[in-house]
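Visitor: Generate coordinates for the sequence data below:
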Amino acid sequence: MANAEGNGPTRISILGESNIIVDHGLWLNFVTNDLLQNIPTSTYVLITDTNLFDTYVPEFQSRFDDASRGQATRLLTYTIPPGEASKSRETKAEIEDWMLSQQCTRDTVIIALGGGVMGDMIGYVAATFMRGVRFVQVPTTLLAMVDSSIGGKTAIDTPMGKNLVGAFWQPERIYIDLTFLETLPVREFINGMAEVVKTAAIWNEVEFTVLEESAARILECVRSKGKDRLNPIRDVLKSIVIGSAGVKAEVVSSDEREGGLRNLLNFGHSIGHAFEAILTPQLLHGEAVAIGMVKEAELARYLGVLRPGAVARLVKCIASYDLPTSIHDKRVVKLTAGKKCPVDTLLEKMGVDKKNDGKKKKIVLLSAIGRCNTERSRGFRRHSGPARF
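Guide: Numbering: from 1, shown residues only. Reported below is the predicted structural model:
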């Protein structure tokens with residue numbers, strides 16, 4: 001449930017605590033005081049990537065120094081290269097060794113500033129350093145704001161696939177500062193809209209309708225130039241982010257460890273992750289999930305649980321945000337240099353998925369826009385459905 005503090009931040013409850021905070025301007029005007037007052041420590045460790053550091057860290061450091069003057073605390077900073085390649089065992093070990101060299105102890109609070117890669121990987125560092133230290137998420141991308149920063153899933157990638165080594169470790173806070181979206185590249189913004197569409201598709205047809213009606217206006221502002229390009233849709237964006245984050249928080253609160261209901265959040269991901277594993281890094285996560293949603297909706301139609309009209313409506317909404325709906329999309333072909341995704345390879349990639357039950361591949365089936373066929377994903381053996389991707 002979301003609660004607004006007058007004209008101030010909106011708080012969303014997760015696992016019984018109002019730890020998700022949403023507003024414009026949080027990073028410079030709210031986070032420092034909240035940390036010092038409510039999550040005190042001898043050492044804060046701010047970790048971000050080299051693309052974000054110069055833009056967002058110096059001013060934060062200055063405000064932290066002013067606010068903490070006279071207190072027995074320090075703020076350390078560390079940067080890593082941007083991109084999925086940093087989400088590795090090697091980078092994790094590098095960070096841990098550096099923290100040990102800085103004499104970080106078990107009371108340390110880690111601040112993860114960045115997108116999904118940063119949040120996933122730094123969350124896993126927090127889960128294992130000194131057998132677990134506190135951390136906070138400061139997502140800077142739309143995808144991280146509405147999805148990856150929420151729920152306590154932390155992980156690194158391996159040569160066998162994404163997110164296969166990790167832990168559940170809940171952040172003390174998730175500060176969703178919508179101001180970060182002003183500098184988010186257009187493609188990254190659109191990438192995040194895939195998760196927004198996914199959430200509405202599985203949970204709330206009213207929200208889905210709002211997304212359908214808002215697509216043209218949102219894209220017009222996102223593609224415009226200027227410092228305040230998103231100002232005309234300021235309230236719409238806040239509503240969309242609160243709606244998506246609120247759904248994920250509600251689902252996680254009911255099923256923290258992904259035993260049932262939380263599986264629904266994987267709509268589009270079973271097939272989408274397989275495409276992503278083959279086509280990364282040229283294809284972004286949200287782009288792969290968009291294609292995965294279409295394929296999984298088509299499977300639901302094939303099995304007779306979803307009407308053709310609902311599939312068409314989903315495809316139209318995804319396309320209205322300029323997301324791909326097929327690997328044959330001209331943009332996907334151009335980005336990936338026409339790289340093929342043979343069915344056998346896709347099935348092999350789908351087989352290495354932590355959601356699976358033995359040899360059964362788990363897939364979420366829609367029964368209508370805003371509703372799923374069951375309260376958990378459904379298992380399929382290799383030949384139980386159409387092998388057309």
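Visitor: So Ile39 versus Asn191, what's the distance?
Guide: Distance from Ile39 to Asn191, counting by Cβ to Cβ, to the nearest Å: 30 Å. Heads up, the C-betas are built off the backbone N, CA and C, glycines and all.
Visitor: Which one's more surrounded, these two?
Guide: It is Asn191, of Ile39 and Asn191, that has more neighbours when counted by other Cβ atoms under 10 Å, with 26 against 15.
Visitor: helix or strand for His328, which one?
Guide: Under the criterion DSSP states H and E, no helix or strand holds His328.
Visitor: Shouldn't Arg11 be within a strand?
Guide: Yes: membership of Arg11 in a strand is supported by DSSP: H, G, I helix; E, B strand; the rest coil.
Visitor: three-state assignment of the closest residue to it other than its chain neighbours?
Guide: Spatial nearest neighbour of Arg11, chain neighbours left out: Ser18 (4.0 Å); criterion: Cβ to Cβ, 6 or more residues apart in numbering. Here Ser18 is recorded as strand under three-state DSSP.
Visitor: Ser18: neighbouring residues, count only.
Guide: 17.
Visitor: thought it was touching Ala2?
Guide: No: if you go by Cβ atoms under 8 Å, Ser18 and Ala2 don't touch, sitting 9.1 Å apart.
Visitor: Phi and psi next, for Ala194.
Guide: Dihedral angles of Ala194 (phi, psi; degrees, to the nearest 10) stand at phi -60, psi -40.
Visitor: With just CA atoms, put stretch 263-281 into PDB.
Guide: Presented in PDB, the C-alpha positions along stretch 263-281 are these (Å, rounded to 0.1, in the frame of the first residue of the first chain):
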ATOM      1  CA  ASN A 263       6.300 -16.500 -10.000                       C
ATOM      2  CA  LEU A 264       3.700 -14.400 -11.800                       C
ATOM      3  CA  LEU A 265       6.300 -11.600 -12.000                       C
ATOM      4  CA  ASN A 266       8.300 -13.800 -14.400                       C
ATOM      5  CA  PHE A 267       5.700 -13.400 -17.200                       C
ATOM      6  CA  GLY A 268       7.800 -13.000 -20.400                       C
ATOM      7  CA  HIS A 269      11.000 -13.900 -18.600                       C
ATOM      8  CA  SER A 270      11.200 -17.700 -19.300                       C
ATOM      9  CA  ILE A 271      11.400 -17.300 -23.000                       C
ATOM     10  CA  GLY A 272      12.700 -13.700 -22.800                       C
ATOM     11  CA  HIS A 273      15.800 -14.700 -20.700                       C
ATOM     12  CA  ALA A 274      16.600 -17.400 -23.300                       C
ATOM     13  CA  PHE A 275      16.600 -14.800 -26.100                       C
ATOM     14  CA  GLU A 276      18.600 -12.400 -23.900                       C
ATOM     15  CA  ALA A 277      21.200 -15.100 -23.200                       C
ATOM     16  CA  ILE A 278      21.800 -15.600 -26.900                       C
ATOM     17  CA  LEU A 279      21.600 -12.000 -28.000                       C
ATOM     18  CA  THR A 280      23.200 -10.200 -25.100                       C
ATOM     19  CA  PRO A 281      24.700  -7.600 -25.000                       C
END
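Visitor: which residues do Ser18 and Ala2 both contact?
Guide: With contacts defined as Cβ atoms under 8 Å, 6 or more residues apart in numbering, the residues adjacent to both Ser18 and Ala2 are Arg11, Ile12.
Visitor: Tell me which stretches of this protein form strands.
Guide: Secondary structure of the chain, counting by DSSP state E: strands at 2-4, 10-14, 17-23, 43-49, 74-80, 109-114, 134-139, 153-158, 161-168, 173-177, 361-363, 366-368, 371-372, 378-380.
Visitor: which residues are contacting the fifth one?
Guide: Translated: strand 74-80. Here strand 74-80 makes contact (Cβ under 8 Å, 6+ apart) with 42-50, 53, 57, 61, 64-65, 68, 86, 91, 94-95, 98, 102, 104, 118.
Visitor: Report the distance from that strand to the chain centre.
Guide: Using Cα atoms, centre = their mean, to the nearest Å, the mean C-alpha position of strand 74-80 is found 23 Å from that of the whole chain.
Visitor: Between strand 109-114 and it, find me the angle.
Guide: Between strand 74-80 and strand 109-114, the angle comes out at 40 degrees (axes from the mean of the first three to the mean of the last three Cα atoms, to 10 degrees).
Visitor: Report how many residues lie close to Ile14.
Guide: Applying other Cβ under 10 Å, we find 25 other residues in the vicinity of Ile14.
Visitor: Apart from its neighbours in sequence, what residue is nearest it?
Guide: Distance criterion Cβ to Cβ, 6+ apart; nearest residue to Ile14, sequence neighbours excluded, is Ala249 at 4.0 Å.
Visitor: you'd agree Gly292 is up against Ala277?
Guide: No: Gly292 is not in contact with Ala277 according to Cβ under 8 Å; the separation is 11.5 Å.
Visitor: shared neighbours, the two?
Guide: Joint contacts of Gly292 and Ala277 (Cβ under 8 Å, 6+ apart) do not exist.
Visitor: coming back round to it: might one say that the residue nearest to Ile14 is in contact with Gly16?
Guide: No: with contact defined as Cβ under 8 Å, Ala249 does not reach Gly16; the gap is 10.7 Å.
Visitor: more crowded one of those two?
Guide: Set side by side, Ala249 and Gly16 show unequal neighbour counts under other Cβ under 10 Å, the larger going to Ala249 at 23 against 7.
Visitor: how close does that one sit to Asp157?
Guide: 26 Å.
Visitor: what's the answer for Phe275, then?
Guide: Noted for Phe275: a distance of 16 Å to Asp157, by Cβ to Cβ.
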